[in-house]
Structures are given as C-alpha cells and as structure tokens.
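> got a predicted model here, sequence first, then my questions.
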Amino acid sequence: MNRRRIISCCFALSLLAMALTLGVVAHAQTPAAAAPAATAPAPPPTPADAELKDAAGKAPSPMDMQKGDPGGTITGTISDVPAADSKAGVTLPDVANQVGQNKIAANFIWTLVTGFLVMFMQAGFAMVESGLCRVKNANHTYMMNFFVYTCGLFAYWILGFAIQMGGAAGNGNLGGLATLSTEHTVSILGKTWGLFGGSGMFLVGHTYDVGVMVIFLFEMVFMDTALTIVTGACAERWKFLAFTVSSIVMGAITYPLYGNWAWGGGWLSQLGSNVGLGKGYCDFAGSGVVHAVGGVTALAVSMIIGPRIGKYNRDGSSNTILGHDISAVLIGCFILAFGWFGFNPGSTLGASAAGNLRIGTIAVDTMLAGCTGTIGAILYMWAFKGKPDASMSGNGLLAGLVAITAPSGFVSPTNSCIIGLIAGVLVCFSCAFVESVMKVDDPVGAISVHGTCGLWGVLSVGLLADGTSNYGGSWNGVTGNVTGLFYGDPSQLAAQLVGISTLIGVVFTLSLVINLGLDFFVGQRVSAETELAGLDIPEMGQLGYPEFVFRPEPEVAMA
Amino acid sequence: MNRRRIISCCFALSLLAMALTLGVVAHAQTPAAAAPAATAPAPPPTPADAELKDAAGKAPSPMDMQKGDPGGTITGTISDVPAADSKAGVTLPDVANQVGQNKIAANFIWTLVTGFLVMFMQAGFAMVESGLCRVKNANHTYMMNFFVYTCGLFAYWILGFAIQMGGAAGNGNLGGLATLSTEHTVSILGKTWGLFGGSGMFLVGHTYDVGVMVIFLFEMVFMDTALTIVTGACAERWKFLAFTVSSIVMGAITYPLYGNWAWGGGWLSQLGSNVGLGKGYCDFAGSGVVHAVGGVTALAVSMIIGPRIGKYNRDGSSNTILGHDISAVLIGCFILAFGWFGFNPGSTLGASAAGNLRIGTIAVDTMLAGCTGTIGAILYMWAFKGKPDASMSGNGLLAGLVAITAPSGFVSPTNSCIIGLIAGVLVCFSCAFVESVMKVDDPVGAISVHGTCGLWGVLSVGLLADGTSNYGGSWNGVTGNVTGLFYGDPSQLAAQLVGISTLIGVVFTLSLVINLGLDFFVGQRVSAETELAGLDIPEMGQLGYPEFVFRPEPEVAMA
Amino acid sequence: MNRRRIISCCFALSLLAMALTLGVVAHAQTPAAAAPAATAPAPPPTPADAELKDAAGKAPSPMDMQKGDPGGTITGTISDVPAADSKAGVTLPDVANQVGQNKIAANFIWTLVTGFLVMFMQAGFAMVESGLCRVKNANHTYMMNFFVYTCGLFAYWILGFAIQMGGAAGNGNLGGLATLSTEHTVSILGKTWGLFGGSGMFLVGHTYDVGVMVIFLFEMVFMDTALTIVTGACAERWKFLAFTVSSIVMGAITYPLYGNWAWGGGWLSQLGSNVGLGKGYCDFAGSGVVHAVGGVTALAVSMIIGPRIGKYNRDGSSNTILGHDISAVLIGCFILAFGWFGFNPGSTLGASAAGNLRIGTIAVDTMLAGCTGTIGAILYMWAFKGKPDASMSGNGLLAGLVAITAPSGFVSPTNSCIIGLIAGVLVCFSCAFVESVMKVDDPVGAISVHGTCGLWGVLSVGLLADGTSNYGGSWNGVTGNVTGLFYGDPSQLAAQLVGISTLIGVVFTLSLVINLGLDFFVGQRVSAETELAGLDIPEMGQLGYPEFVFRPEPEVAMA
C-alpha cells in the first residue's frame, strides 16, 4: 500500500538520522581551539574609562538579572554596551561606537519598517483596482496587481536600481552608501549634470552592502507603486503578456530615469546647486517621481489601448461601468492610507540625526491631507450628484495622499489641509475631464488620482513650502530651508515647473513610444471576443469566484 | 483627432521643458557662496575628546566602506556620530547629543509605528461591522466606517486635540511637549483640578512642533477608534448625515473631555496626587477612555434610534439577523488584533528610558487576554449553544483585548489571562442582556464588547495591578507603583470606581443629550421604506456588490 | 418604560460619581511627603562630567522648547539624557547607561514590530486557505485559521515555550534572558547534548521579565505559523474538535521539541561545537523549524484523514477542485509576503550591535526569493499548462519565501534568487507528486509549499551560505562565519542533512503517532454526510456568506 510505504520510509529516515548523527559524530574532529593571541599588558585606564568602569560596577549584576525584571527598570544599562576588550571593560570609544551603531540601527529600523508598509500598499492597489472592475475580469485584475510586484522587482534588481541610485552615494543616515559611486554625467554651460547611475546592478560586488540593501528595498517598493498605477487605468482589456513586458521595461528604464534625475543625484536635483533654482527640484516622497510618473504612463498606455467596449456610445457620450466590490475598494483604500505612513514619513530614510525627527510632522501632514481630500470629494459629490459616492470618496482620500506626497516634508499641517482639499475637488474635475473631454477610459481613475494630483503635489511645494525644514543643513546640496513662492522664494517654483514639464514631456513621450512599439510587436489589447466574455477564463484560465452566481450583464452599446 | 492632439501637446511640452531649463539656466544666478565665518583658534582637545579622536582614527575609513559591508560589521561606529565642528572631530558633547537624539528617535519610531497600527484598525472595524450586517446595507456600513476617520480627524484637529491634550506638557519621551501648556482648571477643596486643555487648535503657532505632532497622531487614532464603535451599534438604520454630525461632535467634544480628565492632566488623573486615591484613575491604553466611552455612546445613540425593523416581535422576543460575510468578520478581527499591538504597547509613548522596556510585557499581556477571551466565548457557545459560533468567537477575542487595554501596563501575564477569560464569558452574557432585557438592538455587539468589557477592564486595574511598574518613578504624579486591591492598595480601586461612575454618568448623559438634539434637528433614523429596501441605494447611491445575486430576504415581523 | 429607566439610572450614576468623588476627597488623607534623604556633599565633577555640564548649558533651554520645533532640529540632545542625580546634571555614566538603554530599546522595537508582522500572517493564511476551499466550507476553514491562534498560544504559554526556549539564556540583544536557565541534557560520547528546556512555564516567577516577554512573543508567532499550515492540508474534512486537540498538542510538544533542538540550545544546534559539523544545524528563520515541521505534520495528518470525497476517481486519477475566492488567495499572499519581512529580518532579534545591521540584506534576500519563486511557478504553468495560473502563482511566491527563510541570514542576493527560482519550480513538481504519486489530498498545496520547499531551504544553507555573516563573532557557539559547501565548508552540509533527517524522521513519526491516537479516541474526520453537505452548517452552525446564491456543485465521483 502507498501509505504504508511512505510511513515505512519515514521510520527508516528516522533511524537514518540517528545513525547519520552518530556516525558523523564518531568521525568528526572537534576543531582545535585557536591559540590565544599574545597581548601586550593593558595601559592604565583613562579617567573617563575609569569613571565608566566604576559605573559598570554599579550596574545590575548577572545575579540581579536572574531574578527577572518585570518592570523593565534594570534592563538596558552600561552592561549592555559591548566592550571591544572584555578584560578592560567598557571604554569611552566603546560607548561612542555603540552610539553610532544605535543611530544607524534606528535609521535602518525606520527605513525598513516604513518600506514594508509601502510594500503592503500593493495589496491595497489590488483591492481598489479589482473592486472597481467587473466581476468577469476580477482574476485578471488581481493577477496583474500580483505579478507587477515580481516583474518590477526583477527588472529593478537587474538594471533599474543601478540607473536610479547607482550614483547616489552619501547618505549618512544609512552608513554612507559609499559603494553607489557611479553617476554618468554631461557637461552643459560649464556645469556637470547627472543623467543616470551605474553601480548596483544585481547587487553584487561592492554593492553587496547592508546600507545599499536598505536603500534598495525602500526604492524598490516606490518603483513598484508607480508600475501598479498603470494596471488600474488599463484594466479589463490589457493583454497579460503585454502588461508583463511593459511593466518590466518601465521598472528597468522609464521610472528609474526620472528617479535618478530627481533623487539619485541627477540633473533635476542639481537645478539649485548648478543654476540657483531654489533647492533644486524638490519632491519629498514622490508625488512626481512615483505618482505622476505612474499617472502619465497610465495615460499613454490607456490611450494606446483605447476605451473598453461599451464605455462610449456612438454619439461620444460615456456610460458608467460599475465595479463589482465596494468593500474591496474601501478596505483597499485603508490599506493604502496605512501604507502611506510608510511612503511619506519613511522618505527621510531615517529617524535619528539630520533633522529627521520631522517624521512626526510628515506623518500628521499625510493624515490631514488625506482627510481633507476625502472631504473635498465627498462634499463635491454630495453637492453635485446628491449622494456621497463610495468610489469617489476613496479616490478623494487617495488624491489628498498623492498630493501631499511631494510637499509633506516641507509644509505645515494647515497647508497640508489646503493641499488635500484642492486635490479632493481636483480629482472629481479631472475624472470628468479625462472621461468626457479627452475620451480616455480609465476604469479606476488612476490618471486623475495619481497623474493630475501628483502634478498638483509637485507644484504645491513651489507654492507652500514654509521654510522650516532642511534635514541637516542642506537639501539637494543647497544650504538653507526649502521655501516656496508664498514664503519668499519664487525660484523654487521655477524648479518645480521644470520638473513638471520634464515629467510630462519626457516620461509621457518615452512611455508612448515604448508602448506603441510593444503594441506593434506583441499587441496590447485582447480581442473583442475575450473582452466581452471577460478576461478571466481566456487569459487566466479561471474565474475569480467560480461558485458565485452573477446577474446577467447589462447590454452595452458598441461604439 | 483627439489622441493625436494630446500626443502633439506632450511632444511640445517636452520641448518646452528643455527650453525652459536652458532658459532658466542661462538667466539664473548662482547664489554667491556664503562667506566663511571667522573662527577663533580651536582650544586643545580635552582628554576625553582626545580619546574619541583616537577611536575615530581606528574606525572604518571611507576606503574600507567603499569595499562594501555585506556582514554589517563595519557600519555603525563612531564615524556615524556627527561632529558639531568637523575640524575638531567628534567630541564628548557630540556623543552625548547623539545619545539624546537616539533616545528621542527610538521613542518617535515606536510611537509612530504603533500609531500607524492603530490607524489600520479602522479597516478591521469596517470589515467586522459590515460583515455582521446584511448585504443590502454593506455599502452604507463600509462608508460609515470609512468616513468616520475623516470626520473624527477633522474635528480633532480643529478642537478635540486641544481640549484633550492642550495642557498635557511634560512627556520626556517625546522631547517634552513644552508647547501643550494650557489646562483650564477649577479649585475645589483647596486643590486644583484640570477640566480641559487649550493649546494646539489647528496645530499652529508654537504647537507646530515635532513632538506635538507625534502625540497628535497617536491620540487621534485612539479617538477615532472610539468613534467607530458607535457606527457598529447603529448600523443598518442610521442616517448618513446624522452619523456625520454626531461623529464630528463626539470627536470634537465628548471624547476629548473624558480623555483630558484621564490622560491630559485632568481631574481623574489627579485623584491620586490631590486626594490620595491610589495613583489616580489608571487607564493605561483606554479600556475606559476609548472603548467604554465608545460603548456607552453607542448605547445612547442606539437607544435613541431604536431597534431595526424585524429585530423584535410583537411579544418582545427577538430574532437573529445574520451578517452577510463571515470571512470579513474574522479577517477584520485579525486586523484588529494586529492593531492592538499598537494600541497597548504603544501607549508607553516610547521604548527608551523611563521603564518603557515593559512594552514586552504589555504586548504579551495583550496577546494572552485576547487568547483567553476567545476561549471563554467559544467554550460558552460550544457548551450552551452546541457549536463554536464564528461571530461570538470574534467578539470573544475583541472582548479580551478590550478588557486588557486598561490593565495591560500594570498586570502579569497570568492576571491577563484571568481578565481575558472573564471578558470572554462576560461578553456573551452582556450581549444576551442588552438584546433580551434592555431591548436595545446592537447588530454587532459593540455595546457589550467595548462598553461592558471596557468597564470591566478599568475595574480590573483596581483589583489586579501587581505593583511592578511605574514607568520612570511616578504615575499620574504619584511616586510608586500602580497597585490594585489584591496586591494591597484598596484606594486604587476607589479611583477606578470614580472613573467608571463618571464615564457612565457624564459621558452617557452628554451623548444622550447631544444626540437627542440631533434627532430633533436632523433626524437620526432613515425612513422605514429606506430601511426595508436597504440603505445602500437610497443613502449611498450604489449597492456594495452590484453584480452578485442574493437570496430573497426572510420575512420579517413588523413589531 | 425601559428606556426611561435606563436614562434615569445614568443620571443617578452621574450624581453618584460626583458624590463619591467629594466623599472620598473629604476622607482621603493626602499622603505625607517623603522626607528628603540626607545627601552627602557632591564630589567635584570629573573632567568628562564638567565637559558634559558645559554641553548641557549650550543645549536648547526650556524657553527655546516652548517656541516649538517645527523642523525637528532642537529636539533630541543631551537635555534628553536623564540624569541619575538631577543636581549633578548629566554625567558620563548617565550617558553610558542611556546608550545601553537605547540599544536594548532599538532591539525591543525591532523584535516586537517584526513579531507583530508575523502575527498578522495569520490573516494571510486564513485568506489563502479559505480562498482555495469550496464555499460550503468557508466558515469552517476561516474558523480553523482563527482558532488555531488561540489554541497554539494557550498551549505554548503553558508548556511549549518552556520546552523550546526554557534553556536558551544568553541573548545580549534582549538584555541577556538570564532567567531562561534550565536545559535538560543527555551526555553522549563525552559531550553534553540539549534535549528540552524547562524555565518559563506560564511566564511566572523569574521569567516574568521584559526580555523574556519579547522572546516569548516572537517565538509564539512562529510556532503559530507552523500550526496553521496543517489546517490548510486538512481543510474541508477535518473535525473541529480533532483539529483543536491536535493543534494544542503540536503547540505544546511536537513543535517546541524540534524548536529546542534547533534554536533553544538543543542538540542540533550543538552539532558544530560538539562534533565539528559546520556551525551546527543552521536554520536562520525556520524553513525547517517552522515550515517543514508544519509541512510534514500536515502530511501526517492528511494521510490519516484521507482525501476529500470526489478528489480521486475509481481509477486513481484525480479531479481538480477549485477554490471559491481568488481575491482572498492573492490578497492573502500579499499579507503573507508582508509578514515575511517580519519573519526573516526579525529573526536577528535585534538591530543594534552584533552584526545585526545585516537585517537590510535579509530583507532584500527575502524579497528577491519571493520574486523568483513567483517567476518559476508562473513560467512553469505558462509553459506547460498554457496560462499563468493564479493559485500556483501565489504558491510560487510562498515557495520562494519558505525556501529563503533558513538561508536568508547567510546568503547573497544572487543566491537568494537561485534558491527562490528552484523553489518556484519545485513546488509545481511537488504538488503534482503529492497528488498523483503519493495520492495525498492537500487542497491548498501546504505540504509542497511548506514541507518540500522548507526542506530545500534548509539544504540550501549547506550549499550556498557564502561566509559573510556570523552575527557578532560566533553562530551556535562556533567562532567564524556560516559557510556552505560551494564556499568551502562541506561539514555544514552534513549538519543540515542531520537536521533534515531528524525533521522527517522524528517530527513526522511523532505527529503520525499522536494523530493516529487522536483518530482512535476522537475521530479526525467528519462524516461523509457532513462533508458532502459542507462543514459550515453541521460543524459551525452557519454559512460563510448566508445571503449569496451559489451554483450547484458539479457531480463528484465517489471513489
């Protein structure tokens, strides 16, 4: 019998394990103890070290510790500072080294934990986007959001990270990142401008480094966020293979390029130090780099793919196509809001030193802008459509969060409220504009939420940065605090406008060209048959909810 | 063509970006370098500083760092301690300043991350409450749980925070919070008693401060939790407009008032220092302040609104109304349990110094009480109803977590188990009592879970606090450890009873009066027609799951 | 009237509260102020202390702080270092004690937060497993995943933790854990080998200690993960009572035993120090201890229970039984991946000191292996089945994550990719093998994901550990870096093989015997009637989604 055989096998393996252990034990040699290194007689302790030795004598003894510490009052003293030379005890250099270790540890913890939160946003995007799609495409939409994480990460590991951050050495928060040392530059007007980085492909060689790993993880999840925005706008009709290739190219090239210019030491970040435009292009956590890049790419691809069958009537008017799961939409929004507390406050890349305690303000700014974004959208819908719409409420929250992403590091709570409120109303107008004027079909509103409000966020830095923060003295290499037009520095607004123009001009164009090529070679859109049947069975082989019964779809007009 | 026009626009914008950059570059002035400040010749280093300089010389050099550090062994040393004067190198004052910075950074990280976890509980509440409601009200219930976050936050930013924490200066964990300096008081029996705070409205002026931001974020998410409890008890019949106004008032006034008395330096916290009742009213993480306040408010509002149509028969007997989604209920419970590890351990407001390492015990206490709460409810249902009921299992978990919230900072793991077990059984009795004796309809059991078990949690501090913790020497300004009746201090129980009486008397009364007024002016309840049809279409304009097919509802008795 | 009575009661309680307060106030004695302790005149400060005093004088004053600190630049200085003697001000010993406190605080924060993330994985398991089951068993599967947390925790608190970690004293990251001091040993070949621990039952006595609490929480959530793996393989036919007892026994005995041998100072960890096999059995975060133990137990129990009715035809061929909710499967996978960033990087049990900054590498390794695992499974399915299957994509992600769990602390990013890719393909083969060759029915693929890939993970340490990490000098008490066969140390592979043989032999056998006994006394499987009807009503009393309409089930063949 099959089962009996398996059980017998396991008994045999059990005996084998014991035999193996005994056999190995019998034959193994205990390694010879290393000879103790000859040590010179220790010099007498310095006065400071003597004082520390005295303090160590007063610290809780091992016997004290063995009684347990229910109140947490005797744990965590000088006894926990490791001594380089255990005979000499803890010295002042030991204390100072541990201080540096504690600082880097705090910054690693902060950057990693907030990075994990951003990674989890992927689940939120999956829920929001799929919830806003029809049930016949649920599996396909969930799978795009699932697989984009893999595609992006793989592309970024191979190439994207090196392009974006490969020349960004110099973050003292994470131990220096000294190995990210290659930035390819061009010289214009007597100034050197960064174009793209080069170190860090595959994270091998000198970039196999703990600090580089932390920055890789954090930057990777940001890139991933940008990629997943596109899947929303193109949902319900994008061919899975085309989506895969398009995402890989975006993660390897398009996104990292703009990322380098803004964050990796590239030319946009040098607009301040090179030509005196404010503190250079300032995009604290990526309203532009992440959201607007995602949004304009979404626009480019969805223009190429075209609207869903039934979205537009012959007369050009549009039909509302309802999503299948409001609960997924709203829970997804909560997951995104939760993750945004990683997105923005984590973008300090640390908590200790260099003015990083401003993380408190950044978190509150994020919270408030999301709040007023929701208010803006709900009031708009309540006033003009008669009811507070769930989908637009969620988009209002996201709009506020997208908009505050760039300015969160530089503005006050009050200004955050203003930025969020404008975004909440703006997203309603933008959705209507994209649908009715541009005639671009965006099932989830991604172009408006991330594109339009992302650009508004970048702009708002140039207007409302209040000159209270600079994170350790200088930002983008320019001494002084980031300050917008309304607080006295019009040149900052100019830097932001250059960034916006570049983003729309270069990123949109690049995405358009790449995806037109892809359309030619692979084909971006599924067949009309597949689309009408729903993509789940033809593309993924399974329905999202195989046992549930659904209403027959309403008749759609064929434009 | 539309599309062609857009593409052309973008190409143009791309050119514009380049032109703009070049133009700007040509005209911008590189700002003149600041003249170096004249510096006096540096004094010779002290012996300690000389020792540090020597240590810095032995630390990994920039060249070492450029080889990468795969093992994490050369990152984080004295080299990472910033020197105030880079020429002199790192001095002892630099080290000491970095130690203070590391401490505050650790406490910021802890308080922010745990605050984020509490914020995420909102998703858990949304899932539990909506899952326990009927599918015809799914959108409405999700939306109440979504919008309550916004309403509460907005009200708290404007007024609530100032009332609650505006006079709470003095938390060394977060840098002092010196700007929260206004507590309005009254003098009775020769003692000064705090009534409500005043600093911090809109977080402007001196309260635009990083420490204040951290405490705002943390207190905000707690307030929000209290508000969302009410939406559960009033689900399936609460008018969206009334809910909005009621929540705003609660976030601005009712909740912050009791919060001030307990946590903001108000009179309940002064019962110890002023009149010798234990360490004053002790409610570590808010069984009373958050959960019982939410629960009694839920009781008040649901009494005003009345039971759902079909809940009670003409003879006064009640019918069970099933929720539509057990998966949402149980996943929601997991999200809540996850968030509770922010709720309780985060309430130290820090991890470094002042006995805050007790966060370990607090986390385990929380875990264990949730466990025994589940056991209590499951065994009760299994024994008396024949089957382990999913909804009551979830409520048992929450009951244990609610009950341990107040005592978690002061009791042992064993006592946590006892507190949780009692809560798990108590919640079953309380649900039956509220439904059958009080005749109050509470679709999700919020009154019992948060109200009844919240009060039990407050009481349990007065019984079972074991005198092992005081978080830095004194609690509520009274030197010594918090100790309950069974460990020798009956006066602590008296303080807890005063807190409970105040909570029921004042908070319930206030909520009742406010919501009766609201009922008069706005109307709390939807029409019977709306209720029977389900609130989703009439109130929110959409169904929760538009494409799914549902069974016809069972006939309900009209009481 | 009922309501009026309640309201009156509350008004009365309100008055009572005031009266009680006043009464208590009148009678309470203000405690006499403690007489100030007589203090000897302070000695003159040392030079270092004088330097610190000087620095404290230059730190921001209370008046500075009252102006607020929007930029976070004056918070966190020497002023925040607590002085033991407030008159003398901050001294060098105070600084050194705070450094130790900061270190332990950072490590507590890291270990607790990552532990919370692992706890949250329970929600992910619940979603993945239930999503892969039929809708008629949804409530039952969710409830097993819900209640296993409680059963496991309770068993672990009583006994399991003591068996596993009761002799594991000595982790400097968490303050020493000095109270976990009892390891029962046996002497073989002149060496002492640990068998099981003894301290820490109920967390009472000396183990009521903050450090012990932190390690308890972290180890508890790992144990819980192993337990929940079994519920997946046995879903849709396991009797709830049998599941309860089986889980309690596993949490109390089976899991902790192997846990002790690998992590608690037991004999597998001593293979290096005792008999020279590498650094002993190395299983960084538990591919073996957690996942393979869960997987082989799942195999044992599902062999006893037998396949679901309809899974196999009379000719031995098998039928595909689809899960009911792909959205739950994929969102569950994201939750698991999110939690895995706690699982692996958290297994350092700290961030500060002892080479723990390697958490950055561990996190990236985890991310990359999950990525290549997904790629492996998707490409396999796309190539051989024609479509990228959602369920197998999720399992591919999990397979990569399971496999990297053991080696994550010791391998490079590139090797992580290799390990993950192999796991992603392996899981596809293993699923086919278990289903078609072993004829074991595993509805979710748990045996292959956790068992097969877990063992591959353990093996991979012996092959690919690259000798770059040792976490503070020695691992398992053997000085030097963990190094696999391909990097020069074949004896490490031998240690891994001993671990694998023991795991399969002992854990499988033990689980089989225990669960056969349980089958005899309680009965593991529900009746065929119950199974065909779905377990929800007969076992749990309710459907998972009572209002939804489902398709009639396809006819199943009765084998």
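Sure thing, it's come through.

> check whether stretch A:514-529 comes near chain C.
No - judged by C-beta under 8 Å from any C-beta of the partner chain, stretch A:514-529 and chain C are separated, with a smallest distance of 13.2 Å. C-beta here means a position set from N, CA and C on the backbone, and glycine is covered the same way.

> stretch A:432-446 too?
No - Stretch A:432-446 stays clear of chain C (C-beta under 8 Å from any C-beta), getting no nearer than 15.4 Å.

> also stretch A:95-112?
Yes - counting by C-beta under 8 Å from any C-beta, chain C has neighbours in stretch A:95-112: A:95, A:98-99, A:101-102, A:104-106, A:108-109, A:112.

> mind checking which of the residues you listed are in helices?
Among the residues of stretch A:95-112 next to chain C, the residues falling in helices (DSSP state H) are A:95, A:98-99, A:101-102, A:104-106, A:108-109, A:112.

> contacts made by stretch A:380-397 with the rest, please.
Contacting residues not belonging to stretch A:380-397 are listed as A:128, A:132, A:323, A:326, A:329-330, A:332-333, A:336-337, A:370, A:373-378, A:423-425, A:427-428, A:431, A:445, A:448-449, B:139, B:142-143, B:146-147, B:150, B:240, B:539-542 [C-beta atoms under 8 Å, 6 or more residues apart in numbering or on different chains].

> for stretch A:425-443, same thing?
A:129, A:132-133, A:232-233, A:235-236, A:298-299, A:302-303, A:306-308, A:311-312, A:316, A:318, A:321, A:323, A:373, A:376-377, A:380-381, A:392, A:395-396, A:398-399, A:445, A:447-449, A:451-453, A:456, B:2, B:6.

> follow-up on the earlier one: I'd like the ones in helices among the residues of stretch A:95-112 next to chain C as CSV, with pLDDT and neighbour count appended.
Conversion of these to CSV gives the following (pLDDT from 0 to 100; neighbours: other C-beta atoms under 10 Å in any protein chain shown):
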residue, pLDDT, neighbour count
A:95, 97, 28
A:98, 97, 30
A:99, 97, 31
A:101, 97, 29
A:102, 97, 36
A:104, 97, 31
A:105, 98, 32
A:106, 98, 32
A:108, 98, 34
A:109, 98, 30
A:112, 98, 27
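
> where does the one residue sitting closest to the centre of chain A land on pLDDT?
In chain A, the residue lying closest to the centroid (C-alpha atoms, centre = their mean) is residue A:222, at 2.4 Å. Predicted confidence (pLDDT) for residue A:222: 98.

> who touches it in this structure?
Here residue A:222 is in contact with A:118, A:259, A:286, A:289-290, A:343 (C-beta under 8 Å, 6+ apart).

> for chain C, see how far away it is.
Residue A:222 sits 13 Å away from chain C, taking C-beta to the nearest C-beta, to the nearest Å as the criterion.

> pull out the buried positions in the strand or helix carrying residue A:381.
Taking DSSP states H and E as the definition, one finds residue A:381 inside helix A:359-385. Within helix A:359-385, the residues that count as buried by 16 or more other C-beta atoms under 10 Å in any protein chain shown are A:359-382.

> model confidence score at the residue of the stretch 151-300 of chain A found nearest chain C, please.
Using C-beta to the nearest C-beta, the closest approach of the stretch 151-300 of chain A to chain C is made by residue A:213 at 3.5 Å. On the pLDDT scale, residue A:213 is placed at 97.

> now for it, which secondary structure element holds it?
With DSSP H and E as criterion, residue A:213 is part of helix A:210-233.

> between the following helix or strand past that helix and helix A:210-233, how big is the angle?
Scanning forward in sequence from helix A:210-233 by DSSP H and E, the next helix or strand is helix A:240-249. Inter-element angle recorded for helix A:240-249 and helix A:210-233: 140 degrees (by axes from the mean of the first three to the mean of the last three C-alpha atoms, to 10 degrees).

> quick check: mean pLDDT of helix A:240-249?
Here the average pLDDT along helix A:240-249 is 97.

> for it, give me every contacting residue.
Helix A:240-249 is contacted by residues A:140, A:143-144, A:147-148, A:151-152, A:154-155, A:227, A:230-231, A:234, A:301, A:514-515, A:518-519, A:522-525, A:535, A:539-540, C:388 when judged by C-beta under 8 Å, 6+ apart.

> over to stretch A:157-165?
So stretch A:157-165 is contacted by A:152, A:180, A:196-203, A:215-216, A:219-220, A:223, A:251-253, A:255-257, A:259-260, A:263-264, C:368, C:371, C:413, C:417 (C-beta under 8 Å, 6+ apart).

> and with 7 Å instead?
If you take C-beta atoms under 7 Å, 6 or more residues apart in numbering or on different chains as the criterion, stretch A:157-165 is touched by A:180, A:196-203, A:215-216, A:219-220, A:223, A:251-253, A:255-257, A:259-260, A:264, C:368.

> on that earlier part again, quick check, nearest of the residues of stretch A:95-112 next to chain C to chain C?
The closest of those to chain C turns out to be residue A:105 (C-beta to the nearest C-beta; 3.6 Å).
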